[in-house]
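In: Quick check, what structure comes out for this input:
(one chain, ligands or ions: 1)
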Amino acid sequence: MTIPDDVMERAYQGKCTKEDAMLLLEGGPFELFKLADDLRALAVGDVVTYVANRNIYITNKCIGNCGFCAYRTNKGYILSVEEILAKAEEAWKAGAVEVCIQGGYTPEADMEFYLEIIESLKAEFPDLCTHAFSPMEVNYAAGISGMSVEEALGKLKKSGLDSLTGTSAEVLSDRVRKIICPNKINTRQWVDTIKTAHKAGISTNATLMYGHVETLEERLDHIFTIREIQQETGGFSELIPMSFLPYNNKIGEQMLASGKFSSTGLEDLQLLAISRVILHTHVDNIQATWVKLGKKLAHVALSCGANDLGGTLTEDQISTAAGGSNGEFVSPQEFEWMIREAGKIPIQRDTLYRHIEAREPKKGLVRNGKKQEIGSGE
Ligand code: SF4
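Out: Now for the predicted structure:
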């Protein structure tokens, strides 16, 4: 299919409509990939970024009942602040610039706990970016702590939080949410929390977890909602489309029983590409997340509109619980090789997409920003 001139023109102007997006998806995938790749080059050039980071799962206890979740349990663990600091220290020593703090929501995790985590991390590792908590977790913790969401976010900002995660978005459709995560905040609450964070000066990313019960139109509506929020606040750093992993969870089991297996590789690439087109001039960074796509498909995605490969991670309990088999760590060296082999320029970034020099792994313990040598075997 030759893409009509007016559709092309609107895409370059950052004014792609839902009808345009449908038409681009119904046409040949390679025309869409070419358009997305051209827009990627215009937006960010040939640089492809990644972040040296570590996920820290503070708890797997959660009172939620999301049908897609293979991670939660009623009798799980909660890390102490000291245990979280120990994991952050390992990450810092390994050369990480970000810790991504994830968990569930549980009465044991209130605002006091969240604030202590961030304050302690910032006191011990002032240069380590904190990318933490979801709109769902902030809503819940604020509620049990007798605070408004605005107050909770203000305190998190003051404590040193660099970025709130954009998870718990799933698909921003109340029809879908009633099926897959009926106890979670609704679309309006997610949008309001994100806007409040942005207005408090806290950057967030945006996520989309697709490939289960949503329609194509609901996927597109989600991306257009992200665009509308960005036009109002400018607070999104990136969009991460994440394909659903259908193993060990209720929604996945129902799908597998009916003969459906989440999204196909072609659909994954088309969604990344159409995200680039819809968000052009609004959100510059589209992440191909290797932990969901696998390294080879993520590599191909760098020619279909994506410009970021996400994090080195170190651990990923959520994906592995749901049947993810792509591993939990990619070294900076492998990322750099993947990026160069795609004809692009690798650059490390921090949480806020600032380009940075790669940090050398440290040999000593580093607390309070000071290095203490502890022997050559480390
Ligand atoms: S997805 Fe998150 S909120 Fe939902 S049940 Fe799992 S841990 Fe809880």
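
In: and the helix or strand hosting residue 31, what other elements does it pack with?
Out: Assigned by DSSP states H and E, residue 31 falls within helix 29-44. Using 3 or more C-beta pairs under 8 Å, 6 or more residues apart in numbering; DSSP states H and E as the contact criterion, the elements in contact with helix 29-44 are helix 5-13, helix 18-26, helix 265-279. Just so you know, the C-beta spots here come from the backbone N, C-alpha and C atoms, and that holds for glycine as well.

In: Compare those and give me the one nearest residue 114.
Out: Ranking those by their distance to residue 114 (criterion: C-beta to C-beta) puts helix 265-279 first, at 29.7 Å.

In: Okay, buried residues for that closest one please.
Out: Going by neighbour count (16 or more other C-beta atoms under 10 Å), the buried part of helix 265-279 is 267-279.

In: Out of these, the closest to residue 60 would be?
Out: Using C-beta to C-beta, residue 268 is the member of the buried residues of helix 265-279 that lies nearest residue 60, at 27.0 Å.

In: Could you tell me the model confidence score at that closest one?
Out: The pLDDT attached to residue 268 in the predicted structure is 98.

In: What sits closest to it if chain neighbours are left out?
Out: Ranked by C-beta to C-beta, 6 or more residues apart in numbering and with sequence neighbours excluded, the top spatial neighbour of residue 268 is residue 243, at 5.4 Å.

In: what's near enough to touch residue 29?
Out: 266, 269-270, 273 (C-beta atoms under 8 Å, 6 or more residues apart in numbering).

In: out of the helices and strands packed on helix 29-44, which comes closest to the ligand?
Out: Within the helices and strands packed on helix 29-44, the stretch nearest the ligand is helix 265-279; the backing value is 20.6 Å (C-beta to the nearest ligand atom).

In: what's the next helix or strand after the closest one packed up against?
Out: Using DSSP H and E, the helix or strand that follows helix 265-279 towards the C-terminus is helix 290-293. In terms of contact count using 3+ C-beta pairs under 8 Å, 6+ apart, helix 290-293 is assigned the packing partners strand 236-243, strand 308-311.

In: Deepest-packed of the ones you listed, please.
Out: For those, the largest average neighbour count (mean count of other C-beta atoms under 10 Å) is found in strand 308-311, namely a mean of 26.

In: hmm, back to that, let me know which of the helices and strands packed on helix 29-44 is the nearest to residue 231.
Out: helix 265-279 (10.6 Å).

In: Show me what the closest one is packed against.
Out: When contacts are defined as 3+ C-beta pairs under 8 Å, 6+ apart, helix 265-279 sits against helix 18-26, helix 29-44, strand 203-210, helix 216-233, strand 236-243, helix 295-301.

In: Could the C-alpha coordinates of it be exported in CSV?
Out: Included here for helix 265-279 are C-alpha records, laid out as CSV according to Å, rounded to 0.1, in the frame of the first residue of the first chain:
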residue,chain,number,x,y,z
GLY,A,265,5.9,-10.9,16.8
LEU,A,266,4.5,-9.0,13.8
GLU,A,267,1.8,-7.4,16.0
ASP,A,268,4.4,-6.4,18.5
LEU,A,269,6.4,-4.6,15.9
GLN,A,270,3.4,-3.0,14.4
LEU,A,271,2.3,-1.7,17.8
LEU,A,272,5.8,-0.2,18.4
ALA,A,273,5.7,1.4,15.0
ILE,A,274,2.2,2.8,15.3
SER,A,275,3.1,4.1,18.8
ARG,A,276,6.0,6.0,17.2
VAL,A,277,3.7,7.5,14.5
ILE,A,278,0.9,8.5,17.0
LEU,A,279,3.4,10.0,19.5
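
In: re earlier: put together a markdown table for the contacts of residue 29, with distance to residue 126 on each row.
Out: Conversion of these to a markdown table gives the following (distance: C-beta to C-beta, whole Å):
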| residue | distance to residue 126 |
| --- | --- |
| 266 | 45 |
| 269 | 40 |
| 270 | 42 |
| 273 | 39 |
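
In: In these, find the pair that's most separated.
Out: With distance counted by C-beta to C-beta, no two of the contacts of residue 29 lie farther apart than 266 and 273, which are 10.5 Å apart.
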